[in-house]
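Q: Any chance you could fold what I've pasted below:
(chains A and B)
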Amino acid sequence: MDRVMSNKKAIAVFTLPAFALYFVIVILPVFVSFYYSLLKWDGISARLFIGLDNYATLFQDHVFLRSLWNSLLLAFLSVFVQLPIALILALVLAGRVKGSRFYRTAYFIPVVMSTVMIGQLWMKIYHPSFGLLNTVLDGLGLESWTREWLGNENTALGAAFAPIIWQYIGYHMLLFYAAAKSISEDLYEAARIDGATGAKVAWYITIPLIKPMLKVSAIFAVVGSLKLFDLIYVLTNGGPLHATEVPSTWMFNNIFRQYQYGYGSSMAIIIILECLLFTVLIQRLFKSE
Amino acid sequence: MMASLVLVLAIVAAACSSGNGGSQGNAGPNGNANGSGSQQGSNEETITLTLWHIFSSDADTFKPIVDAAVAKWNAENPTIQVKMEATENEAYKTKLKTAAAANELPDIFFTWGAGFSKPFAEGGKLLALDDYLNDGTRDQLLEGSLSNLSYGGKVYGLPYTMYVGTFFVNQELFDQHGIKVPENYDELLEAVKAFRAKGIDPIAVGGKDLWPSMFYYNALALREGGSQLSLDALNGNASFEDPAFVRAAEKLQELASADAFMKGYMGITRDESEAIFITGTIPMYYNGNWVATILESEDSAVKGKVRVMNFPIVNGGAGEANEWIGGIVDTFMVSANTQYPDESVQFLKYLTEYMSNEGYKVGAGLPTWKTTVIDESSINPLLKDVVDMTKSATGIVPPWDVYLEGHQAEMHKNLVAELMAGKITPEEFSAKMEALER
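A: Down below sits the predicted model:
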């Protein structure tokens, strides 16, 4: 075995199939997209090489800039709203709460459900005429609080982000929970002997020890927000008047509705770069702490 | 941007001219040999025509119809046999484009008119049908039904189904509240205000999908300027800054600011808007004729209570009363490279007429051939009314997004949404429309 592992050729041979697959379905398309992003191309007619013109246009496209801003806002909310909630839930459940198995499952259900179902569900909740939210507000005598949640430019973004944040709380909770559960009992025992209780144990023992998982979650949350597509597509399709546009929906719209393959591809490249940048940034941040 | 577009156009144009040269070379000998060629064919050997279409799934209403049409043809024409190949819709688009690029299009194929087939026509991939339609075929087709299937003044496809923008009116609601069903725009505005005053959402629309809102603008533009002006503007021969288009935009904005459209319409899909209309709580709805099917279904709360009309006219507008917004997009075309142009066109005529007839019979669409003769007692009464009205249509303008396609279509739909939300003025709307490359 050792001999095989030290043989560079053998390593190359054994990793080749996986690498080839990865290369063809991940790396190659990125480069092809980059090539497309330098073209003015409708997908059928002749391709016209225009250099970086698409990128220049991109940063004057107010819809794209708005979508970029929206996705950054979502990334912020994910890290500072979604993750703390998930962490608190995980810590509480890890602390041997009665019925923790039930809660664990309950919080995780939205993660298992298909995004389209979640979208449909929340569309029913937000429906202006017979939606749950407005009906409840009416019932409480808060008619003045009712809104056309997804149909109004001012409320649509918040209304669309709420289910996105909500859906993945369970996912991060489970990651934290698993990490917390893997911490040795001995440490807790020692802490208890030293007189540490609930919150203190969490703060001084659990959280520092699950830091690697916090990092992973932060990266998932940020990258997931930056490339978010499905829920927005179902809930608002970027509307009304582009209020809820995110880079992926605007890219989809440009490529598949407006047949601007080149221009859309430049957005794809920006999304990839953005994700890479934030991944590196978060890695650095956790290292320096 | 502009310069690069010019370049693209130049490339396309170059491709066209060379393509035309090639196809003429092919069509020439065939065309000359017309008479003798087909006679020889019928006496001597069996020829095989290939037909490509998208009706691959049993769920397609048109699948059994196409199957039956081809089976019937093959039985009746032993010397001209037709072979079918069906491909799923999205894959079909790629397949067709690839085949066109490689000059391997089948003799006859399903395709979409307006923007989709434009590069095909410009690339000389399609057989022009004009010479074949003078035997009376043209008169058997609905007036205006070829406008979406013509490029550069030549007809390339024959239609077999269509839909038209239909104004659905819940007569019961109008009667209950003693409000007059609007015949013209002024009455429409009055009805809107009267219903709004009673706390009823006057008009249903699924603004989230964008095109349902656009339907209202396209109808108003048709009423203000007439079908020819709309068509001219769409193909670049007239300006979108024509006062008629500005007035249409003003009227749409006037309706929107009178709160004519249902609560939260910007977040409501077309399907949801339809679902609310059939609960009988909204008096007016302008959408495709396909809504008729669900309105007359067993669990519809408004079965028998709804009337169909064309969109209210605008007094003083240039539009004629019997002009419609209508989509005739699905079509069959013949390849410029076919070895048997005569037989292919002969089959094309047979196929589209057959499908027009049978498609109407099962409620899959409105007929585009006036020759329809079927037992109409089994037909949805609302659809029948629409067909009776469209038979004498004097003009049909496709929904603008169908005609414009792609970037321009998206821009148009978004501009209408901005107009309705009061983000832009009617003048800005028209100026931005005019600024679109056509």
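
Q: Provide a list of residues in contact with A:A196.
A: When contacts are counted by Cβ atoms under 8 Å, 6 or more residues apart in numbering or on different chains, A:A196 touches A:204-205. All C-beta atoms are positioned from the backbone trio N, CA, C, and that covers glycine.

Q: if you set the cut-off to 10 Å instead, what comes out?
A: A:188, A:190, A:202-205 (Cβ atoms under 10 Å, 6 or more residues apart in numbering or on different chains).

Q: Let's have the residues you listed in JSON lines, adding secondary structure, neighbour count and distance to chain B.
A: Shown next, in JSON lines, are those (DSSP: H, G, I helix; E, B strand; the rest coil; neighbours: other Cβ atoms under 10 Å in any protein chain shown; distance: Cβ to the nearest Cβ, whole Å):
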{"residue": "A:Y188", "secondary structure": "helix", "neighbour count": "15", "distance to chain B": "49"}
{"residue": "A:A190", "secondary structure": "helix", "neighbour count": "12", "distance to chain B": "55"}
{"residue": "A:A202", "secondary structure": "helix", "neighbour count": "19", "distance to chain B": "41"}
{"residue": "A:W203", "secondary structure": "helix", "neighbour count": "12", "distance to chain B": "43"}
{"residue": "A:Y204", "secondary structure": "helix", "neighbour count": "14", "distance to chain B": "47"}
{"residue": "A:I205", "secondary structure": "helix", "neighbour count": "19", "distance to chain B": "47"}
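
Q: Looking at those residues, which one is closest to B:W52?
A: Using Cβ to Cβ, A:A202 comes nearest to B:W52 of those, at 65.6 Å.

Q: element containing B:V334, please.
A: According to DSSP states H and E, B:V334 maps onto strand B:330-334.

Q: Partner strands of that strand, with direction?
A: Neighbouring strands of strand B:330-334 in its sheet, by DSSP bridges, are strand B:108-112 (antiparallel), strand B:157-159 (antiparallel).

Q: Figure out how far the last one is from the centre of its chain.
A: What that stands for is strand B:157-159. Strand B:157-159 has its average C-alpha position 11 Å from the chain's average C-alpha position, going by Cα atoms, centre = their mean, to the nearest Å.

Q: Show me what counts as buried in that strand.
A: Neighbour counts over strand B:157-159 (16 or more other Cβ atoms under 10 Å in any protein chain shown) mark B:157-159 as buried.

Q: try stretch B:369-384
A: For stretch B:369-384, burial by neighbour count (16+ other Cβ under 10 Å) applies to B:369, B:372, B:379-380, B:382-384.

Q: Confirm that B:E85 sits in a strand.
A: Yes: assigned with DSSP: H, G, I helix; E, B strand; the rest coil, B:E85 falls within a strand.

Q: so which strand or helix has the closest residue to it other than its chain neighbours?
A: Using Cβ to Cβ, 6 or more residues apart in numbering or on different chains and skipping the chain neighbours, the partner closest in space to B:E85 is B:W52 (5.1 Å). Under the criterion of DSSP H and E, B:W52 resides in strand B:47-53.

Q: any idea of the angle that strand forms with strand B:330-334?
A: If you take axes from the mean of the first three to the mean of the last three Cα atoms, to 10 degrees, strand B:47-53 sits at 150 degrees to strand B:330-334.

Q: Can you identify the element that follows strand B:47-53 toward the C-terminus?
A: Using DSSP H and E, the helix or strand that directly follows strand B:47-53 along the chain is helix B:62-76.

Q: Work out the gap between that next one and the centre of the chain.
A: 24 Å.
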